[in-house]
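Novice: Take a look and give me a structure for this.
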Amino acid sequence: MPTATYSRRFIIVDDHTVREARDRQEEREERRPKKRQRKDLDSDEDEDHPDAPPKDPSKRRRSIFAQSKAPAERDGVYWMEEERANCHLRVSDTLFKIHRELLSCSEFMVELLQDHERLSGPTSEENPMHFVFCSVEEFRAFLWALYATVDDLALAPDNQEYVDRLFLIAEMVYKYDVPKLYDWVFATLLAVANNDIYMESCSSAALTRFLDLSIKCHKTKTTAAIVKKWVGRLWNKSTPSTPAILASDRHDLEDLRGPAYYVHLLDMHDRQGSPTGYGATHLRMDEKLNTNAPVIRLLGGYWSLVNLWERTRVKPIELPPAGSCCVSSSSSSSSPDGPEAPIATEAHAKCVAAWERRWISAAGWRRILGVSSPDILGLLACLRDQLMNDDDLKAALNPACRLAGLEALKALRTKMEEGLADHFVGVV
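Specialist: Numbering: from 1, shown residues only. A predicted model of the protein is given here:
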């Protein structure tokens, strides 16, 4: 599964010193448990990522010092007035005053504080230690977790506000290497991903944010759970398909891409206008998808699915021998010269001929003709239903062969559903 890459990170030690932060963190990651190991995020390809500093040193210094000299306000929640809270921190234009021992949750943060005190002296309101690559909201959620009681952390997420806070905490834990909270926050997020009540009611924006975070942090189980729930909601029409398409393309997720594009393609019929005087139907696209890649995938998928049905309706699937046909075929296989061999071949040949004849006839019935041509899943389900209730088929086939054929048709539909993404690859 592709993952995003980031440029090297830099940390403000004081108003005159900036150093790289990744080297020490990478050394610690070699000592961390394997389940927390992360891939090296160094890259020159993602300079525009919000967590990445400018590569040009002159631009980097100007942007950092401009931030450090701007006015700042005390945080309304985590500016502690008590004397023991003597650690002054700054995030963007907000000042925090907290208990120093809280930073012991992260060896990385302890090192940053020690470097700051060695080079600039103790922290104060005029000389705070800076956290550069996190937002105020992320840092505030992080402090909530550090000050929270065990009972607070054990509460089951039951609303969007709580889940949003988990997202912010996970971002901080991932960026600043916080073992104390790592297992808790990602275990809780996995539980959220498997929570039917939340996952079936949250917005597409929440699903997108959840998926982006899970992939960024390399949480494969959580990602799989999110995709499964999202696909289920696409099938029951409880969420729009456009956000799912964008997410599947961004992360190259075939399990999500197939259902998302398929559902969107079928829904496009309802969004088209009336035919022109020449009988033409002009294509209307969602503005968010009106770029080359999604349009080509949708048009390619339409052509591929229609072509698949055109082949399927005139070429019935093979009818497996079963029951008396299967027994006779087994006998003929063990004794090819035996007297029963011609009878077995002839018996199943009659079943096959009747199966193919009724298949082609059913494919032309009015009910099936009313199903949209690219709706291969709907067409196969309708065809199976027609054959299941076909009296002529019941009379012509032995019961075991008939049931085997219907099961083979059901298996074909399942296979087509699993391979939907293969139709939406665009131009090759």
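
Novice: CA atoms for contacts and neighbours, from now on please.
Specialist: OK.

Novice: Tell me if residue 212 really is in a helix.
Specialist: Yes. Residue 212: assigned to a helix according to DSSP: H, G, I helix; E, B strand; the rest coil.

Novice: Contacts only, for it.
Specialist: When contacts are counted by Cα atoms under 8 Å, 6 or more residues apart in numbering, residue 212 touches no other residue.

Novice: what do you get for residue 70?
Specialist: Shown in contact with residue 70 (Cα under 8 Å, 6+ apart): residue 93.

Novice: please renumber so the chain begins at 461
Specialist: Taking 461 as the first residue, the last one we looked at is residue 530.

Novice: Let me see the ranges of the strands in the stretch 511-660 of the chain.
Specialist: Applying DSSP state E, counting those that start in this stretch to the stretch 511-660 of the chain gives strands spanning 533-539, 547-551, 554-558, 589-590.

Novice: what comes into contact with the longest one?
Specialist: Outside of strand 533-539, the residues that reach it under the criterion Cα under 8 Å, 6+ apart are 553, 554, 555, 556, 557, 558, 600, 603.

Novice: List the neighbouring strands of that strand plus their orientation.
Specialist: Here strand 533-539 is paired, per DSSP bridges, with strand 554-558 (parallel).

Novice: what do you get for the shortest one?
Specialist: The sheet places strand 589-590 alongside strand 547-551 (parallel), with pairing taken from DSSP bridges.

Novice: pLDDT on the partner strand, on average?
Specialist: Strand 547-551 shows a mean pLDDT of 94.

Novice: just checking, next helix/strand downstream of the helix or strand containing residue 691?
Specialist: Under the criterion of DSSP states H and E, residue 691 resides in helix 680-695. Remark: after helix 680-695, the chain's next helix or strand is helix 702-711, criterion DSSP H and E.

Novice: pLDDT on the following helix or strand past that following helix, on average?
Specialist: Downstream of helix 702-711, the first helix or strand assigned by DSSP H and E is helix 714-731. Averaging pLDDT along helix 714-731 yields 92.

Novice: next one: stretch 844-852
Specialist: The pLDDT scores in stretch 844-852 average 94.

Novice: which phi and psi does the closest residue to residue 781 other than its chain neighbours have?
Specialist: Nearest non-adjacent residue to residue 781, counting by Cα to Cα, 6 or more residues apart in numbering: residue 861, 5.8 Å away. Dihedral pair for residue 861: phi -60, psi -40, per degrees, to the nearest 10.

Novice: got a list of what residue 605 touches?
Specialist: 613, 629, 641 are the contacts of residue 605 under Cα under 8 Å, 6+ apart.

Novice: So for the second one, what's the nearest residue that isn't a sequence neighbour?
Specialist: For residue 629, ignoring the flanking residues on the chain, the nearest one in space by Cα to Cα, 6+ apart is residue 602 at 5.1 Å.

Novice: Look up how far residue 538 lies from the one you found.
Specialist: Using Cα to Cα, to the nearest Å, residue 602 is found at 11 Å from residue 538.

Novice: Same check on residue 532?
Specialist: As for residue 532, its distance to residue 538 is 14 Å (criterion: Cα to Cα).

Novice: ok, now residue 843?
Specialist: 64 Å.

Novice: and what of residue 777?
Specialist: The gap separating residue 777 from residue 538 is 68 Å, by Cα to Cα.

Novice: Next: residue 578.
Specialist: Distance from residue 578 to residue 538, by Cα to Cα: 25 Å.

Novice: now do residue 721
Specialist: Distance of residue 721 to residue 538, given as Cα to Cα: 46 Å.

Novice: higher neighbour count, those two?
Specialist: Taking neighbours as other Cα atoms under 10 Å, residue 721 and residue 538 compare with residue 721 leading, 26 against 17.

Novice: any low-confidence regions in the stretch 711-860 of the chain?
Specialist: Scanning the stretch 711-860 of the chain for pLDDT under 70 picks out 786-805.

Novice: before we move on, the earlier item: as TSV, the strands of the stretch 511-660 of the chain with distance to residue 869 would be great.
Specialist: Output for those, formatted as TSV (distance: least, Cα to Cα, whole Å):
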stretch	distance to residue 869
strand 533-539	62
strand 547-551	61
strand 554-558	63
strand 589-590	64
